[in-house]
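pasting the sequence and the predicted model now:
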Amino acid sequence: MGVSRDQVAPGLSEQQGRVISHDSGALLVLGVAGSGRSESLARRLGRLVAEGQRALVLTSSTAAATRIRTRAEETIETPYEELAVHTHPAAAARLLREHATEAEIDPFFESLSPAERLAMLLDRLDELPLRRHEIRGNPAGLLARIVDRIDALKSAGVTAADFARWADQQGGASRSERDTAAREREFAEIYELHDSMLRSAGAMDAIDGVIELTMRLEQRPALAEAVSNRFPHLLVDEAEDACPAERSLIEALARNAETTVITCDDEQGLAPCEAASAWVRRALDPEEIALEPGWRYGGDLLDAAHAVVAPTSNGAETPRRAALRFPPTAAVAAVSGPAAAAFTDALDRRHVEVAGPSRGTWLVRAADHEALADALAATPRPAGRLRVEVDPLRL
């Protein structure tokens, strides 16, 4: 059943309204930082829950999950159950435990963090083949790097058996190449021992849970049906950061979902693999919506700005702010993120002033909001994450 934009998204754009009211099949939502992708997902989640429907939301980080959950809670006016908003590994562990019967798995498995697995390897250091790995008096440092490499391989979908097959094929004409090949074969042994230790302890690492759930969804129809009946709607935020293993899980969950909505911005992708939009198009054949870019600001910044410019009994604050060229006598934007340095360097200094950085944030100032918005919009957006918080016009 379709829902109009005015019903579900007052004050939002038409494209955002379509995201919120989408009611069948897969939908790919494209948009840069600040275009309202996460806000649209949060509003969509709120709408579904308010209608008595259940949805599973997957995010790339715990912080993103918290933002979406909190924003959705603010939009729901009726009683509701828990909102299922998780990172991919957390969602996988939860579904495996709560559907252990259909998954045919022990629900009491442990999910070990990298630190816990490092402690496990240190405790069994004597069992590890480390003849060709240099400990240099610091086994914890070496094993931490080994754990990181194992996690990276699993995220890319490379199992211990896959890596062992690759390592066995390595050789070399020079002594250095042969030594490198031998060290890789030794690492393959460590990788297998790491996984064997986990299995014997009835434990998994984070990516193991993702891989295990994906495999069991494909092999056990009862599990796939139980999960889709429980969560008929799938929402995925920041798909550009999903690793190959997580993308496979998304595909498996989407296969039986009533609706799937996936947001991404290829330019911000952290995962070293195919662009997210190309993967979604190939895997799910979705409809597409492109959200128009917009400049967003944090609620805390707005609250602080309102407090600063609130009228005083004698108007003493106004001359001070005018002398400092603070709002409302000027327009400002706070720019942060890995791409902030490149973005602020590219700004046309004829129309704006740039100060900073201070704690990773640059302050961009213009004579008025129109000049500020024009300068920001005219500046090419560099690759990488970028956050621009624009002080809004006062009413």
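In hand now; what should we look at? Numbers count the residues shown, from 1 in each chain.

spit out the contact partners of the closest residue to Ile262 other than its chain neighbours.
Counting by C-beta to C-beta, 6 or more residues apart in numbering, Ile262 lies nearest to Val236, which is 4.3 Å off, once chain neighbours are set aside. C-beta here means a position set from N, CA and C on the backbone, and glycine is covered the same way. Shown in contact with Val236 (C-beta atoms under 8 Å, 6 or more residues apart in numbering): Val57, Leu58, Thr59, Ala242, Ile250, Thr260, Val261, Ile262, Thr263.

what about 10 Å?
Going by C-beta atoms under 10 Å, 6 or more residues apart in numbering, Val236 touches 28-29, 41, 56-60, 88, 242, 246-247, 249-250, 253-254, 260-264, 276, 280.

hmm, Arg216 is touching Thr101, no?
No: look at Arg216 against Thr101 with C-beta atoms under 10 Å: they stay out of range, at 11.7 Å.

give me the common contacts of those two.
Here Arg216 and Thr101 have Ala222, Leu223 as joint contacts, going by C-beta under 10 Å, 6+ apart.

neighbour count winner among those two?
Between Arg216 and Thr101, counted using other C-beta atoms under 10 Å, the more crowded position is Arg216 (21 against 11).

any figure for the gap between that one and Asp23?
29 Å (C-beta to C-beta, to the nearest Å).

how much space between the residue nearest to Ser35 when sequence neighbours are not counted and Asp195?
Nearest residue to Ser35 in three dimensions, chain neighbours excluded: Leu291, at 4.0 Å (C-beta to C-beta, 6+ apart). In this view, Leu291 and Asp195 are 41 Å apart by C-beta to C-beta.

mind checking how far Ala334 is from Asp179?
According to C-beta to C-beta, Ala334 and Asp179 sit 51 Å apart.

do the same with Glu82
Glu82 is 54 Å from Asp179, by C-beta to C-beta.

which one of those two has more residues nearby?
Ranked by neighbour count (other C-beta under 10 Å), Glu82 and Asp179 place Asp179 first, with 12 against 8.

that one: what secondary structure?
Three-state assignment for Asp179 (DSSP: H, G, I helix; E, B strand; the rest coil): helix.

residue ranges with poor pLDDT in the stretch 251-395 of the chain?
Applying pLDDT under 70 to the stretch 251-395 of the chain picks out residues 269-273, 293-329, 391-395.

please, where are all the strands along it?
Secondary structure of the stretch 251-395 of the chain by DSSP state E, counting those that start in this stretch: the strands cover 259-264, 287-290, 331-336, 353-358, 361-366, 387-390.

want to throw these into a markdown table with mean neighbour count and distance to Asp148?
Converted to a markdown table, those look like this (neighbours: other C-beta atoms under 10 Å; distance: least, C-beta to C-beta, whole Å):
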| stretch | mean neighbour count | distance to Asp148 |
| --- | --- | --- |
| strand 259-264 | 25 | 25 |
| strand 287-290 | 14 | 36 |
| strand 331-336 | 22 | 27 |
| strand 353-358 | 14 | 29 |
| strand 361-366 | 19 | 29 |
| strand 387-390 | 20 | 27 |
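
do you know which of these lies nearest Gly34?
strand 387-390 (6.2 Å; C-beta to C-beta).

tell me the buried residues in stretch 55-65?
The neighbour-count check on stretch 55-65 (16 or more other C-beta atoms under 10 Å) flags Ala55, Leu56, Val57, Leu58, Thr59, Ser60, Ala64, Ala65 as buried.

need the distance between the two termini of it.
13 Å (C-alpha to C-alpha, to the nearest Å).

pLDDT (mean, whole number) over stretch 204-212?
Average pLDDT, stretch 204-212: 94.

and stretch 105-113, by the same measure?
Stretch 105-113 comes out with an average pLDDT of 92.

distance of His194 relative to Gly360?
From His194 to Gly360 the distance is 36 Å (C-beta to C-beta).

neighbour-wise, which of these two wins?
Between His194 and Gly360, His194 has the larger neighbour count (other C-beta under 10 Å), namely 21 against 12.

for that one, give me the pLDDT.
Confidence score, pLDDT, at His194: 97.

what strand or helix carries it?
helix 175-200 (DSSP states H and E).

what helices or strands is that helix leaning on?
For helix 175-200, the packing partners by 3 or more C-beta pairs under 10 Å, 6 or more residues apart in numbering; DSSP states H and E come out as strand 110-112, helix 114-123, helix 139-155, helix 160-168, strand 203-205, helix 206-219.

tell me what angle that helix forms with helix 139-155.
The directions of helix 175-200 and helix 139-155 differ by 80 degrees, with axes from the mean of the first three to the mean of the last three C-alpha atoms, to 10 degrees as the criterion.

would you mark the buried spots in helix 175-200?
Buried residues in helix 175-200, counted by 16+ other C-beta under 10 Å: 181-188, 190-191, 193-195, 197-198.

so for the spatially most central residue of the chain, what's the nearest residue that isn't a sequence neighbour?
Central residue of the chain (C-alpha atoms, centre = their mean): Ser60, 2.3 Å from the mean position. Counting by C-beta to C-beta, 6+ apart, Ser60 lies nearest to Asp241, which is 3.9 Å off, once chain neighbours are set aside.

could you do Thr62 as well?
Among residues not flanking Thr62 along the chain, Thr87 sits closest, at 6.0 Å (C-beta to C-beta, 6+ apart).

let me see the domain layout of this structure.
The record's domain split for the chain, according to automatic domain parsing, is 5-105+209-290, 110-201, 299-390.

thinking again about what came up before, please tell me how far the residue nearest to the centre of the chain sits from Ala290.
In this view, Ser60 and Ala290 are 21 Å apart by C-beta to C-beta.

need the per-residue pLDDT for Asp151.
94.

can you count the residues close to it?
Neighbour number of Asp151 under other C-beta under 10 Å is 16.

for Arg136, same thing?
The tally of other residues near Arg136 (other C-beta under 10 Å) stands at 8.

ok, His133 next?
His133 has 17 nearby residues by other C-beta under 10 Å.

on that earlier part again, if I look at the residue nearest to the centre of the chain, how far off is Pro89?
11 Å.

tell me the contacts of Ser111?
By C-beta under 10 Å, 6+ apart, the neighbours of Ser111 are 89-90, 92-94, 96-97, 203-206, 208-209.
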